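Next input, structure requested:
(chains A and B)
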Amino acid sequence: QQQVKQSPQSLIVQKGGISIINCAYENTAFDYFPWYQQFPGKGPALLIAIRPDVSEKKEGRFTISFNKSAKQFSLHIMDSQPGDSATYFCAASGETSGSRLTFGEGTQLTVNP
Amino acid sequence: DAGVTQSPTHLIKTRGQQVTLRCSPKSGHDTVSWYQQALGQGPQFIFQYYEEEERQRGNFPDRFSGHQFPNYSSELNVNALLLGDSALYLCASSWPLGGYGYTFGSGTRLTVV
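Numbering: from 1, shown residues only, chains lettered A, B, ... in the order given. Take a look at the predicted model:
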């Protein structure tokens, strides 16, 4: 059973534009929602994470928006740059799942110059 | 500060063979988790080791086994390899147990022919 659904599968934006990736989860026991960035040949690297007690978290050009009632969260990349071209994964975890990460299927982002 | 180190980086095996993958955690981390990432998919949790014991296990058959050594390094063993085992195997270390501060290695690309 897939517990974290991610969309879109791929995304193409122009340099300077806004990239938006969405995720939905099922398990209400999840209490930690990270986003990972993965470049080809590399492992996932933590980009930004949020807890359900806040609705938004911003770090530089990256913002997570969280809607607890809808069980949805999204990543916004402002002023997208070609260097942001990578695969992005949302994930979720919680104490009841022993802090293991449940990942979405990933979004391949391409930022054109 | 060295991050998570995995070896080998690439491996080709024949169906039915056995394989061992190795992981050295980030300095200061004592918990090691293994994930399988099929091509175009998000990582799937295999199992987690802490204090040389398997603490959690995902939905993987007994052909997948592991070990953690006193220096916190870990091995992933897969027996009776199937074509479907072809994937990128990621090691993630963390501290403390139950925490979310994961650092991923670059993975081992396993191809089963």
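
Kindly list the main-chain dihedrals of the nearest residue to residue B:63 once chain neighbours are set aside?
Spatial nearest neighbour of residue B:63, chain neighbours left out: residue B:79 (4.7 Å); criterion: CB to CB, 6 or more residues apart in numbering or on different chains. Where C-beta positions appear, they are placed from N, C-alpha and C, glycine not excepted. Main-chain dihedrals, residue B:79, degrees, to the nearest 10: phi -100, psi 160.

Who does whatever helix or strand residue B:55 lives in pair with, and is each partner parallel or antiparallel?
In the assignment (DSSP states H and E), residue B:55 maps to strand B:53-57. Counting by DSSP bridges, the strands paired with strand B:53-57 are strand B:44-50 (antiparallel).

For the strand it pairs with, which outside residues touch it?
Residues outside strand B:44-50 that contact it (CB atoms under 8 Å, 6 or more residues apart in numbering or on different chains): A:98, A:100-103, B:30-38, B:54-60, B:64, B:66-68, B:74, B:76, B:97.

CA atoms only for the helix or strand harbouring residue B:34, dumped as PDB, please.
Using DSSP H and E, residue B:34 sits in strand B:31-37. Taking C-alpha atoms only, strand B:31-37 is exported to PDB below (Å, rounded to 0.1, in the frame of the first residue of the first chain):
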ATOM      1  CA  THR B  31      22.100   3.600  13.500                       C
ATOM      2  CA  VAL B  32      22.100   2.300   9.900                       C
ATOM      3  CA  SER B  33      19.100   1.800   7.600                       C
ATOM      4  CA  TRP B  34      19.000   0.300   4.200                       C
ATOM      5  CA  TYR B  35      16.800   1.300   1.300                       C
ATOM      6  CA  GLN B  36      16.200  -0.200  -2.200                       C
ATOM      7  CA  GLN B  37      15.600   2.300  -5.000                       C
END
